[in-house]
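A.B. asks: Mind folding the following:
(one chain, ligands or ions: 1)
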Amino acid sequence: MISLARVVEMRPSILISGFLGAGKTTLLRTLLLALRESDIKADVILNDFANAEIDSETLREDAASVEALGASCACCEGMEFLVDMVTKTAQSDNTILLTELNGTADPLPIVESFTLLENKFKLYPRWHVCVIDARHFEQRAYHNFLEKDQLETASHYIISHSEDVSPERLREVQDRLKSILPAATLTTPAKLAKSATELALTKKKCVLNEQNPSPTKLKKSPYHHLSHQFTACQIQILERVEHNDILKWLEALPEQVMRAKALLDLKDDTEKRYLYERIGSHIPKTPYPVPIRGTVPSSAILIGPDLDPEALLELTQSHLTPDASLI
Ligand SMILES: Nc1nc2c(ncn2[C@@H]2O[C@H](COP(=O)(O)OP(=O)(O)OP(=O)(O)O)[C@@H](O)[C@H]2O)c(=O)[nH]1
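C.D. replies: So this is what the prediction gives:
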């Protein structure tokens, strides 16, 4: 069959990957703020376990649209939804697409399907930015394989928490990353925001071939199954709760909880809601304020391998409110 070529206008896409808590949403916020300052409208797709809604609630101010893909694995049970979402955003007049993958996702099948479905998505250039936490890089036991998979297709990478490690450790991480990703660009959130703005302001035209290959032959890494070992437990906490009790509850969560996020209403502050977090065993003492919109109920999401939802619920009920319930 003879296929026809056509010249079409493309819009840039930035896919953000990185391990649980590495700093993906923080980077996304930096990009959205910079884009908004230049009046650039961004569509955002979030694939963040069942809690995509919690993060999407914290980003709505700055994005033109936010779609939440709740599936734990964007490249398996979520791929069809992801394709639908990207196809939908391809119809929008907004200038750039930013996609944040969840902290255990393997980006390879997604990068590949973005390429295979280029005609449909009209996304170009397609950058893949991986955020690497300098404190924990290659220190995650058997999850190191998953962390490496999240890197391998990166066109750019950012080292987060570089200020929290010694200069020797930082150099070690930089050297390892240079050897794993010789062709990728080491950047910072500020530099990436500047480049993303320039990218969005330059309209790109591409010659596309009319043939649209099927996305069925997606590759997966031999360690892809690791991304399925994580489970998410969601707990609804509708009552107003106390700041100090939340910090104590976060401290009391078992070690298997590798990531916790809770969007909560406080007893002594009715003006805003707050996003509390635990990243590994680290608990930031100051929560992130979020405007009240009432679209997402107050809830917590706990992520880790082999979680026991009933035990986590009991712990939440005893520390925060007996009314807490599993979603
Ligand atoms: N000190 C420091 N803190 C950071 C940095 N990047 C992110 N953080 C903090 O680390 C915590 C986790 O950051 P997020 O951006 O939510 O991480 P994430 O990768 O989106 O997390 P998941 O979506 O759960 O995988 C937040 O409290 C951030 O404020 C950094 O470079 N330095």
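A.B. asks: all contacts plus neighbour counts: C-alpha atoms, from now on.
C.D. replies: Noted.
A.B. asks: where does the stretch 201-327 of the chain dip in pLDDT?
C.D. replies: Low-confidence segments of the stretch 201-327 of the chain (pLDDT under 70): 203-230, 294-295.
A.B. asks: ok now stretch 18-37, how far from the chain's centre?
C.D. replies: Counting by C-alpha atoms, centre = their mean, to the nearest Å, stretch 18-37 is centred 9 Å from the centre of its parent chain.
A.B. asks: how close does residue 42 sit to residue 293?
C.D. replies: The gap separating residue 42 from residue 293 is 20 Å, by C-alpha to C-alpha, to the nearest Å.
A.B. asks: Look at these two and report which has more neighbours.
C.D. replies: Neighbour count, other C-alpha atoms under 10 Å: between residue 42 and residue 293, residue 42 has more, with 25 against 11.
A.B. asks: so that one touches residue 99, yeah?
C.D. replies: No: distance between residue 42 and residue 99: 10.2 Å, which falls outside the contact criterion (C-alpha atoms under 8 Å).
A.B. asks: so how many other residues sit close to residue 141?
C.D. replies: 7.
A.B. asks: Pull the contacting residues for the spatially most central residue of the chain.
C.D. replies: In the chain, the centroid-proximal residue (C-alpha atoms, centre = their mean) is residue 100; its distance is 3.5 Å. Taking C-alpha atoms under 8 Å, 6 or more residues apart in numbering as the criterion, residue 100 is in contact with 15-17, 24-25, 28, 44-48.
A.B. asks: So which residues of the stretch 1-150 of the chain form strands?
C.D. replies: 5-18, 42-47, 65-69, 96-100, 123-133 (DSSP state E, counting those that start in this stretch).
A.B. asks: okay, and for the stretch 51-200 of the chain, where does confidence drop off?
C.D. replies: Those would be 51-53, 70-78, if you go by pLDDT under 70 across the stretch 51-200 of the chain.
A.B. asks: My understanding was that residue 102 contacts residue 22; is that so?
C.D. replies: No: in this structure, residue 102 is not within contact of residue 22 by C-alpha under 8 Å, at 10.6 Å.
A.B. asks: Who has more neighbours out of these two?
C.D. replies: Taking neighbours as other C-alpha under 10 Å, residue 102 and residue 22 compare with residue 102 leading, 30 against 24.
A.B. asks: State the distance from residue 254 to residue 304.
C.D. replies: Residue 254 is 10 Å from residue 304, by C-alpha to C-alpha.
A.B. asks: do residue 155 as well
C.D. replies: Here the criterion is C-alpha to C-alpha. By it, residue 155 lies 28 Å from residue 304.
A.B. asks: what do you get for residue 134?
C.D. replies: Counting by C-alpha to C-alpha - residue 134 and residue 304 are separated by 20 Å.
A.B. asks: neighbour-wise, which of these two wins?
C.D. replies: Counted by other C-alpha under 10 Å, residue 134 and residue 304 do not tie: residue 134 has more neighbours, with 24 against 21.
A.B. asks: Look up phi and psi at residue 241.
C.D. replies: Phi and psi for residue 241, reported as degrees, to the nearest 10, are phi -130, psi 170.
A.B. asks: how near is it to residue 252?
C.D. replies: According to C-alpha to C-alpha, residue 241 and residue 252 sit 16 Å apart.
A.B. asks: And the nearest residue in space to residue 32 that is not next to it in sequence, its phi and psi?
C.D. replies: In space, and not counting its chain neighbours, residue 32 is closest to residue 62: 5.8 Å by C-alpha to C-alpha, 6 or more residues apart in numbering. Reported as degrees, to the nearest 10, the phi and psi values for residue 62 are phi -100, psi -10.
A.B. asks: ok, back up a step: when residue 241 and residue 252 are compared, which one has more neighbours?
C.D. replies: Using other C-alpha under 10 Å, the more surrounded residue of residue 241 and residue 252 is residue 241, with 18 against 13.
A.B. asks: ok, the more buried one touching residue 263?
C.D. replies: No: with contacts counted by C-alpha under 8 Å, residue 241 stays clear of residue 263, the gap being 11.1 Å.
A.B. asks: Dig out what the residue nearest to the centre of the chain forms beta bridges with.
C.D. replies: Residue 100 has these beta-bridge partners by DSSP bridges: residue 16, residue 46.
A.B. asks: how close does it sit to the ligand?
C.D. replies: 8 Å (C-alpha to the nearest ligand atom, to the nearest Å).
A.B. asks: For residue 147, grab the count of nearby residues.
C.D. replies: Neighbour tally, residue 147, other C-alpha under 10 Å: 27.
A.B. asks: residues touching it, list them.
C.D. replies: Going by C-alpha under 8 Å, 6+ apart, the list of residues near residue 147 reads 18-19, 104, 137-138.
A.B. asks: among those, which are within reach of the ligand?
C.D. replies: residue 19 (C-alpha under 6 Å from any ligand atom).
A.B. asks: now, which of the contacts of residue 147 sits nearest residue 173?
C.D. replies: Nearest to residue 173 among those is residue 137, at 7.2 Å by C-alpha to C-alpha.
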